[in-house]
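Peer 1: Whatever this is, show me its structure:
(one chain, ligands or ions: 1)
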Amino acid sequence: MKGIEKLKKDFPILKRKINGKNLVYLDSAATSQKPVQVIKAIKDYYENSNANVSRSVHKLGEEATEAYENARKTVAGLINANSEKEIVFVRNATEGINLVAYSYLLPLAPSGGKIISTVMEHHSNIVPWQFINSHGMDLEFADITKNFGINLKKLNGMVSKGTKLVTTTHASNVLGTINEVDKISKIAHDNGSLFLVDAAQSVPHMPVDVQKLDCDFLAFSGHKMLGPTGIGVLYAKEEHLESMKPFMYGGDMIKTVTLENTNFNDIPWKFEAGTPNVAGAVGLNAAVNYLKKIGLDKIRKHEIVLTKHALNEFSKLDNVSTYGPQDENKKGCVISFNVKGVHPHDVASLLDREGIATRSGHACAQPLMKRLGVKAVARASGYIYNDKGDIDSLIDGINKVKKTFGV
Ligand SMILES: Cc1ncc(COP(=O)(O)O)c(C=O)c1O
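Peer 2: Numbering: from 1, shown residues only. As a prediction, the model looks like this:
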C-alpha cells in the first residue's frame, strides 16, 4: 500500500482544520471521505457526458448509458458475481435489504415460515424484517457469544426447514466482529433457507467474493467505500432476481406497456424503476477502481495493523471499556468504547474540539446496545487514509476527556 502520507493527499477534506486543529477523521464506518479521483469522475461526467440512460439514441445518451453499465461491470468484478445481471443499483444498503424484503419475502409472508437475523445487526437489517413479521412470517434473532461473535451453535438450532431467510452482517458496525459468513451460509442452505449478507462494513474493507461465500443476497453502500452518497448495490443470484417481482414500478423497468398490461424488463433493470443515479454509479466506478488499485487484501492488512495498534493503546487506558473482539484478525477497524461516567456525546464533543471526528450514540444498533447493557457508545472507525498517528491523536484526546472529567 502506498505511503499513507501520499494517499492522504488524494482526499481534499483531510486538509481541513476543525476547531483550529488538523482533522483526524475516525468516522468512516458512518461514511468515508472521497478522493479527488471520485470527485473528478463525477465532475467530468456532468461536464461532458450528462444525459439520461437507456432511452436516448444521441451520443451523450450512449455515453451516459455506457458509463452506467460500466459501473455495473466494475462492481460485479469487485465481488466476483457471475454476471453483471446480478448487480442491482439501489440508493444504499438499506434499500437493497428492503428490496429483498418487499420482492422476495413479502409474497411468502402470508403462508408463514421464519426469518432469522441476529442481535448485532444495524437497524437496517432488523426493521425490514419486523415489517415482514407483521405480515405473518416469524422473526427470531441469534444471540452473540462472550467473544462478540454470533453463537453458531444456537443459530444452528434455530434454523429449520420452514426458515425462509437467514441474514447477518458480515462485519459489525459496533463491535467490528467479522462474522463467519461462510459457515452461516452452510447452516442456512442445509435447511433450504436463503442467506442474505449485510456487507455495508465489509465490501469497503476486505476482499469479498460472493461465490466463495455462497450467499443469495448481499447489500452494500457506495458512500462507505469512497463513493458518493445515493448509490448502493444489491447483489442477488440470477435465479432469485428472475423469480422475484419488482419492488418499484414505472419507467425503465418495462419492455412494453399497454393500458391493461406491462411486460417487465430483463434483470437487473426490472428492479431499477425511473431515472437512476448515473453520476452516483460513475462515482462508485471510480471509487472501486481506486480501491482495486491499492488492493483490497492490502487494505485489510493495513487495517489489521491499525486495529492492533488501537487495541493495544486502548488496553492501557484505565476506566475505558471497549466492546468487541480483542483480536485484530477477527475484527474490522472499529473501536466502540465508553469512558466511565462520561456520556459518549460528551466524549465525542470534546474529541471534536481536538479536530477528531468520531461517532457517538446507539450507532443504529439499539438492540445490540441493550444486549451489551449500555445506552450508547463512542465509536472510532478507521480506513485507508488513517495511520497510527491518528490513533495516537485519539488516545491523547481520550486522555484529555478523562482529565476534564477527573476520571
Ligand atoms: C452494518 C451496516 N449495515 C447497514 C448500514 C446501512 O447503510 P446505509 O445507511 O448506507 O443504507 C450500515 C450503516 O452504517 C451499517 O453499518
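
Peer 1: Asp392: what's it in contact with?
Peer 2: Glu313 (CB atoms under 8 Å, 6 or more residues apart in numbering). In this view, the C-beta of every residue, glycine as well, is placed from N, C-alpha and C.

Peer 1: Thought Gly232 was touching Val88, still the case?
Peer 2: No - Val88 is not in contact with Gly232 according to CB atoms under 8 Å; the separation is 9.4 Å.

Peer 1: Now do the shared contacts for those two.
Peer 2: In contact with both Val88 and Gly232: Gly96, using CB under 8 Å, 6+ apart.

Peer 1: so Ala71 sits in a helix?
Peer 2: Yes - membership of Ala71 in a helix is supported by DSSP: H, G, I helix; E, B strand; the rest coil.

Peer 1: separation between it and Ile87?
Peer 2: Using CB to CB, to the nearest Å, Ala71 is found at 9 Å from Ile87.

Peer 1: Can you tell me which residue is spatially central in this protein?
Peer 2: For the chain, the residue sitting closest to the mean C-alpha position, by CA atoms, centre = their mean, is Ala200 at 1.0 Å.

Peer 1: Kindly confirm whether my reading is correct that that one touches Ala93.
Peer 2: Yes - when contacts are counted by CB under 8 Å, Ala200 is listed as touching Ala93 (4.1 Å).

Peer 1: what touches both of those two?
Peer 2: If you check Ala200 and Ala93 against CB under 8 Å, 6+ apart, the residues they both contact are 124, 219-221.

Peer 1: Of those, which is the nearest to the ligand?
Peer 2: Ser221 (3.4 Å; CB to the nearest ligand atom).

Peer 1: and the closest one, what does it touch?
Peer 2: 92-94, 200, 231-233.

Peer 1: and what of Val342?
Peer 2: Contacts for Val342 (CB under 8 Å, 6+ apart) come out as 401-402, 405, 407.

Peer 1: List the buried residues for the helix or strand encompassing Gly397?
Peer 2: Assigned by DSSP states H and E, Gly397 belongs to helix 388-405. Judged by neighbour count using 16 or more other CB atoms under 10 Å, the buried positions of helix 388-405 are 390-391, 393-395, 397-398, 401-402, 405.

Peer 1: Can you sort out which of these also neighbour the ligand?
Peer 2: Contacts with the ligand within the buried residues of helix 388-405, counted by CB under 6 Å from any ligand atom: none were found.

Peer 1: can I get the residues you listed in a markdown table with distance to Pro207 and pLDDT?
Peer 2: Formatted as a markdown table, the buried residues of helix 388-405 follow (distance: CB to CB, whole Å; pLDDT from 0 to 100):
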| residue | distance to Pro207 | pLDDT |
| --- | --- | --- |
| Asp390 | 24 | 98 |
| Ile391 | 24 | 98 |
| Ser393 | 29 | 98 |
| Leu394 | 27 | 98 |
| Ile395 | 30 | 98 |
| Gly397 | 32 | 98 |
| Ile398 | 32 | 98 |
| Val401 | 36 | 98 |
| Lys402 | 38 | 98 |
| Phe405 | 42 | 96 |
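
Peer 1: Low-confidence stretches in this structure?
Peer 2: Across the chain, the ranges flagged by pLDDT under 70 are 1-2.

Peer 1: so where do the helices sit in it?
Peer 2: 4-8, 36-44, 59-78, 93-100, 127-133, 152-158, 181-190, 210-213, 238-243, 278-294, 296-315, 344-353, 366-372, 388-405 (DSSP state H).

Peer 1: Just the C-alphas of the fourth one, formatted as CSV.
Peer 2: Backbone C-alpha positions of helix 93-100 (Å, rounded to 0.1, in the frame of the first residue of the first chain) are rendered in CSV as follows:
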residue,chain,number,x,y,z
ALA,A,93,-27.5,-1.0,1.7
THR,A,94,-30.8,-0.2,3.4
GLU,A,95,-32.7,-0.1,0.1
GLY,A,96,-31.0,-3.3,-1.1
ILE,A,97,-32.3,-5.1,2.1
ASN,A,98,-35.7,-3.6,1.6
LEU,A,99,-35.8,-4.8,-2.0
VAL,A,100,-35.3,-8.4,-0.7
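
Peer 1: Please shift the residue numbers so they start at 23 in all later answers.
Peer 2: Yes, from this point I'll number from 23; that puts the last item at helix 115-122.

Peer 1: Run the contact check for that helix versus the ligand.
Peer 2: Yes - residues of helix 115-122 contacting the ligand under CB under 6 Å from any ligand atom: 115-116.

Peer 1: which strands and helices sit next to that helix?
Peer 2: strand 109-112, helix 149-155, strand 216-220, strand 239-243, strand 254-258 (3 or more CB pairs under 8 Å, 6 or more residues apart in numbering; DSSP states H and E).

Peer 1: List just the nearest of the contacts of Ser243 to Gln388.
Peer 2: Ranked by distance to Gln388 (CB to CB), those are led by Thr116 at 15.7 Å.

Peer 1: wait, that closest one sits on Glu143?
Peer 2: No - in this structure, Thr116 is not within contact of Glu143 by CB under 8 Å, at 11.9 Å.

Peer 1: Comparing those two, which residue is more hemmed in?
Peer 2: Glu143 (25 against 21; other CB atoms under 10 Å).

Peer 1: Next one: that one from Glu85, what distance?
Peer 2: Following CB to CB, the distance that separates Glu143 from Glu85 is 40 Å.

Peer 1: likewise Gly411?
Peer 2: Here the criterion is CB to CB. By it, Gly411 lies 43 Å from Glu85.

Peer 1: Many thanks, have a good one.
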